[in-house]
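Undergrad: pasting the sequence and the predicted coordinates here, then a few questions.
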Amino acid sequence: MSIEAVVWDVDDTLFDYTSADRSGMRAHLAAEGLLGRYGAVEDALGRWREITDRQWARYAAGECDFRQQRCDRVRAFLDAEMDDAAADAWFERYVGHYEAAWELFPDVLPALEALAGTHRHAVLSNSSITVQERKLRVLGLLDRFEAVLCAAELGVSKPRPGAFLAACEALDLAPHEVAYVGDHPEIDGRGAAEAGLLSVWIDRGTVPAGAAGDVVVHRIASLSELPALLRSDTRFGAPSTFG
């Protein structure tokens, strides 16, 4: 059976999150007078991302809510005691700098245009609908998607099968009729494949390939490769492209 719909990750798949995060953090640290704490902006970013991963894992495990993990990220990054209101305010100042650097990858609009007449489209993200709908609206993409599903509202996050299956259910399609495109080989690639979707890893160079075992995940270096891949749909019996 052919692929009827494509479900998309957002950050570092459609939207250049890594570049925006770097530019935004540099501007934010300078404005807050914090650049002197770190030898380089990359050191600050490394610490911020490490803390983000740790706090997100707590959220994904149900140990805290979405706002709490965000506030705890700020407290851990600053190594400071502060109430939620102060942490929220610091984070919102960061967001202002971060949003100023928002950009789509150049291969996104051509790929969406190429698939507009042949496939339905939705979003599945490990974030919140408030965050991602605003981002997609600002970037001019929101109207291209039938549904936007996010972990904060679903109560389940990638790579758990339930997240991917919820996206299929929202489209009223079986998993084998849906492709998932994401930038992370484990969270997106393995998760989608194990849930029964056609799994496509867009390798933006932001995460190492890691190990995929015998899970069939198709690797592409540009979204320009996606239409041909969807037409061929070689998942059954095809070797993993992780190699």
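TA: Noted; the coordinates are in hand. Residues are numbered from 1 along each chain as shown.

Undergrad: now for the lowest-mean-pLDDT helix or strand in the chain, which elements pack on it?
TA: The helix or strand of the chain with the poorest confidence is helix 41-60; it has a mean of 88 (mean pLDDT, DSSP states H and E). Using 3 or more Cβ pairs under 8 Å, 6 or more residues apart in numbering; DSSP states H and E, the elements in contact with helix 41-60 are helix 17-32, helix 66-78. Glycine gets a C-beta too; all of them are placed from N, C-alpha and C.

Undergrad: now do the first one: distance to the chain's middle.
TA: Looking back up the chat, that one is helix 17-32. 18 Å (Cα atoms, centre = their mean, to the nearest Å).

Undergrad: would you agree I129 is in contact with L154?
TA: No: using Cβ atoms under 8 Å, I129 is not in contact with L154; the gap is 9.4 Å.

Undergrad: excluding chain neighbours, what is closest to L142?
TA: Nearest residue to L142, sequence neighbours excluded (Cβ to Cβ, 6 or more residues apart in numbering): L136, at 4.1 Å.

Undergrad: ok, the one you found to F145 distance?
TA: 7 Å (Cβ to Cβ, to the nearest Å).

Undergrad: contacting residues around E81?
TA: Taking Cβ atoms under 8 Å, 6 or more residues apart in numbering as the contact definition, E81 lies against R75.

Undergrad: my bad, H97
TA: Applying Cβ under 8 Å, 6+ apart, the residues contacting H97 are S23, G24, M25, A27, H28, A31.

Undergrad: can you redo those residues as CSV with pLDDT?
TA: Converted to CSV, those look like this (pLDDT from 0 to 100):
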residue, pLDDT
S23, 92
G24, 92
M25, 90
A27, 93
H28, 94
A31, 94
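
Undergrad: that's all I had, so thanks and see you.
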